[in-house]
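Trainee: 3D, please:
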Amino acid sequence: MTMISTPTSESSVTARSGAIATSHSLATAAGEAAYAAGGNAIDAALAAAAALAVVYPHNTALGGDLVALVRTPEGRVHCVNATGVAAQNVDITELRKRHGGQLPQRGVDTITVPGTISGWKEISRLGAELPWAEQFNLSIQYAAEGVPVSHSLAEALINGRDLIARDPGMNSIFLSDGQPLGEGALLQQPALARTLSTLAKGGPDEFYRGEIGRTLVDGLSRLGSALTFDDFADYQAEVCEPISLEYRGHRVHTSPPNTQGFILLRVLKMLDELGIQDPLGRDADSLGRLFFDGNRFREELLADPRFTALDLDQLLQGASLGGEGTGNIQIPTGDTVGIAAADSDGLAVSLIQSIYFSFGSGILEPTTGILMQNRGMSFSLDADSPNILAPGKRPSHTLMPVLVTQGEHLRWANATMGGKGQPQIHTQAILRLLAGATPEDTVSSARWIVGPHVPTDGPETVYVETDTAPEAKEAILKTGFAVHEIPPLTDWMGHLQIVAAQPDGIFTAASDPRSDGSAFVVPRA
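Mentor: This is a model prediction of the structure:
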């Protein structure tokens, strides 16, 4: 859905214009309410983020991670890295005995310290105008009174039925008489409502140093987690410099390692250097090979830069690693939410929030109502890997927000889910936007992603939506990769959200039809 900021009535016009796009209409409504209360783009994004943790639990939760870019009115872009860390007491030798050469995809051993709430705290510090508690008004209401199960969630509940049934916390929320809640059924989460109320009143430290944290850690400890209350109390999201690249008269900003944002910049840089003219059409084979190359760099080199020497220049422009790549690349089927927001004061937010795989670790702590992520499964147990598990370390991470500026002005705030396909989704979106496509056309356009989706796929696999342009399909076949066609608007090909800004304060915004989302624009006064 796309909206354009043309004033409609006196009551709907405020002194500040702006926009927000999210993957669920009720989250967009929370952002709209924040604007109506006098808030700015940061307030709108935070209110939407809290709402999404209630209404889209297969994709995000309080027990997940967050990475965001925030552009302040003076034009500075900050990166908030709220990716969680492994427990200080983690025992890699014991984990090797228990799991062999690779961590499992689900379960208590995949849980790291959740970073989301600390991320909200740091984002709020960068310029929120509304009180902290006001960000939670609708999310508390949604959890306590219930919301209709969305189409995407209903599909995830069917697909995840066995996982849900094994966990008492999830079973009690998402199943009724042993059956998954259907689309339109009422989803109520009373324990989560109480937790959100406590968090609203007590502030973010309630999660890491207060009763919420203690209760959550106790519940996880009973299941065998190595996480302690000290791990929570010591955690702090990082505010750091983003990485960026000049491309066709614009500057593309994204998040640095331990996230995969470098792949986007690497691909754009190579498109320029190689003089590839039509990467979404007759030269799609060249773009596909660059995507494949980026996948290999991520799998072999990406890690927490605090623990390993990481050469950003090598990631951005190093020669191909060679070799055969890796088959251990999976694109989660439901993992993440994206929020894009901007306002006429010059604030802009691209916020990505995630529990990784659909329903994360498969563990919902019942007293707090908090569903936990499985980000720890991204660690390696290989002693030669830079991404080897270690106490206090962050795993290599898929979350990557994106802002695009031109001179002193914001052009686009983009945010998407899509797991390890996110750099490819962003590349295709930016190429379309620079070619003059509207946000609505861009989020609705056909996509293709290089990399495995199921364990039987090899790294030289491409999934192509059937409505992809014929010349692009023909070019992709030239790669020699295994090409699989899938229906248009396939859910796991990403839920892209875009807010476009003009220097005169006019905004447009669009939400991906693959999601259950919507966009809202605050008219200019």
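
Trainee: how near is Val402 to His409?
Mentor: Distance, Val402 to His409, by CB to CB, to the nearest Å: 16 Å. For glycine as for every other residue, the C-beta is placed from the backbone atoms N, C-alpha and C.

Trainee: higher neighbour count, the two?
Mentor: The residue with the greater number of neighbours, taking Val402 and His409 and applying other CB atoms under 10 Å, is Val402; the counts read 29 against 12.

Trainee: excluding sequence neighbours, find me the nearest residue to the more buried one.
Mentor: Take Val402 and drop its neighbours on the chain: the residue closest to it by CB to CB, 6 or more residues apart in numbering is Asn414, 4.5 Å away.

Trainee: who's in contact with the one you found?
Mentor: 338, 340, 350, 401-404, 426, 429-430, 496-498 (CB atoms under 8 Å, 6 or more residues apart in numbering).

Trainee: switch to 10 Å and redo it
Mentor: With contacts defined as CB atoms under 10 Å, 6 or more residues apart in numbering, the neighbours of Asn414 are 21, 69, 252, 254, 338, 340, 350, 401-404, 425-426, 429-430, 433, 439, 442-443, 496-500.

Trainee: please apply the same query to Asp491.
Mentor: Contact criterion CB under 10 Å, 6+ apart gives 151-152, 155-156, 333-334, 417, 512, 514-516 as the residues in contact with Asp491.

Trainee: one more: Ser244?
Mentor: 69, 77, 251-254, 256, 261, 265, 403-405.

Trainee: can I get the CA coordinates of the helix or strand hosting it in CSV?
Mentor: With secondary structure defined by DSSP states H and E, Ser244 is part of strand 243-247. As requested, C-alpha coordinates have been extracted for strand 243-247 and formatted as CSV (Å, rounded to 0.1, in the frame of the first residue of the first chain):
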residue,chain,number,x,y,z
ILE,A,243,29.4,1.9,6.6
SER,A,244,28.5,3.7,3.4
LEU,A,245,29.3,4.0,-0.3
GLU,A,246,28.8,6.6,-3.0
TYR,A,247,26.7,5.1,-5.8
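
Trainee: could you give the separation of the helix or strand following that strand from the chain centroid?
Mentor: Later in the chain than strand 243-247, the nearest helix or strand by DSSP H and E is strand 250-254. Averaging C-alpha coordinates over strand 250-254 and over its chain gives two centres that are 18 Å apart (CA atoms, centre = their mean, to the nearest Å).

Trainee: may I see the buried residues of the next helix or strand after strand 250-254?
Mentor: Remark: after strand 250-254, the chain's next helix or strand is helix 261-274, criterion DSSP H and E. By neighbour count, with 16 or more other CB atoms under 10 Å as the criterion, the buried positions of helix 261-274 are 261-271.

Trainee: same check on stretch 470-485?
Mentor: Neighbour count says stretch 470-485 has 472-473, 475-476, 479, 481, 483 buried, by 16+ other CB under 10 Å.

Trainee: which among the contacts of Asn414 end up buried?
Mentor: By neighbour count, with 16+ other CB under 10 Å, those hold 21, 69, 252, 254, 338, 340, 350, 401-404, 425-426, 429-430, 433, 439, 442-443, 496-500 as buried.

Trainee: where do the strands of the stretch 351-500 of the chain begin and end?
Mentor: 364-365, 370-371, 402-406, 409-415, 448-450, 461-465, 482-486, 497-501 (DSSP state E, counting those that start in this stretch).

Trainee: C-terminal to the last one, what's the next element?
Mentor: Read that as strand 497-501. Next along the chain after strand 497-501, taking DSSP H and E as the criterion, comes strand 507-511.

Trainee: sheet partners, orientation included, of that following strand?
Mentor: Under the criterion DSSP bridges, strand 507-511 sits next to strand 2-4 (antiparallel), strand 497-501 (antiparallel) in its sheet.

Trainee: what's the spacing between the last one and its chain's center?
Mentor: With CA atoms, centre = their mean as the basis, the distance from the averaged C-alpha position of strand 497-501 to the chain average is 16 Å.

Trainee: CA atoms of it as CSV?
Mentor: Output of strand 497-501 as CSV, limited to C-alpha atoms (Å, rounded to 0.1, in the frame of the first residue of the first chain):
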residue,chain,number,x,y,z
GLN,A,497,9.2,-1.4,3.5
ILE,A,498,10.1,2.0,1.9
VAL,A,499,9.7,5.6,2.9
ALA,A,500,10.7,8.1,0.2
ALA,A,501,11.5,11.7,1.0
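
Trainee: now the angle from it to strand 402-406?
Mentor: Inter-element angle recorded for strand 497-501 and strand 402-406: 20 degrees (by axes from the mean of the first three to the mean of the last three CA atoms, to 10 degrees).

Trainee: for the record, mean pLDDT for stretch 421-432?
Mentor: Stretch 421-432 comes out with an average pLDDT of 97.

Trainee: brain fart, stretch 157-174
Mentor: Stretch 157-174 shows a mean pLDDT of 97.

Trainee: with adjacent residues omitted, what lies nearest to His58?
Mentor: In space, not counting the residues next to it along the chain, His58 is nearest to Ala156; the distance is 3.8 Å by CB to CB, 6+ apart.

Trainee: so who does the one you found touch?
Mentor: 56-59, 149-150, 164, 174, 180, 333-334, 358-359, 491.

Trainee: which one of the strands of the stretch 351-500 of the chain lies nearest to Arg209?
Mentor: Arg209 lies closest to strand 370-371 among the strands of the stretch 351-500 of the chain, at 15.8 Å (CB to CB).

Trainee: and that closest one, how far out from the chain's middle?
Mentor: In this view, strand 370-371 has its centroid 17 Å away from the chain centroid, taken as CA atoms, centre = their mean.

Trainee: who are the packing partners of that strand?
Mentor: Counting contacts by 3 or more CB pairs under 10 Å, 6 or more residues apart in numbering; DSSP states H and E, strand 370-371 packs against helix 168-174, helix 190-202, helix 211-222, strand 364-365.

Trainee: wait, doesn't Gly421 sit right on Leu496?
Mentor: No. Using CB atoms under 10 Å, Gly421 is not in contact with Leu496, being 11.1 Å away.

Trainee: right, I'll call it a day here.
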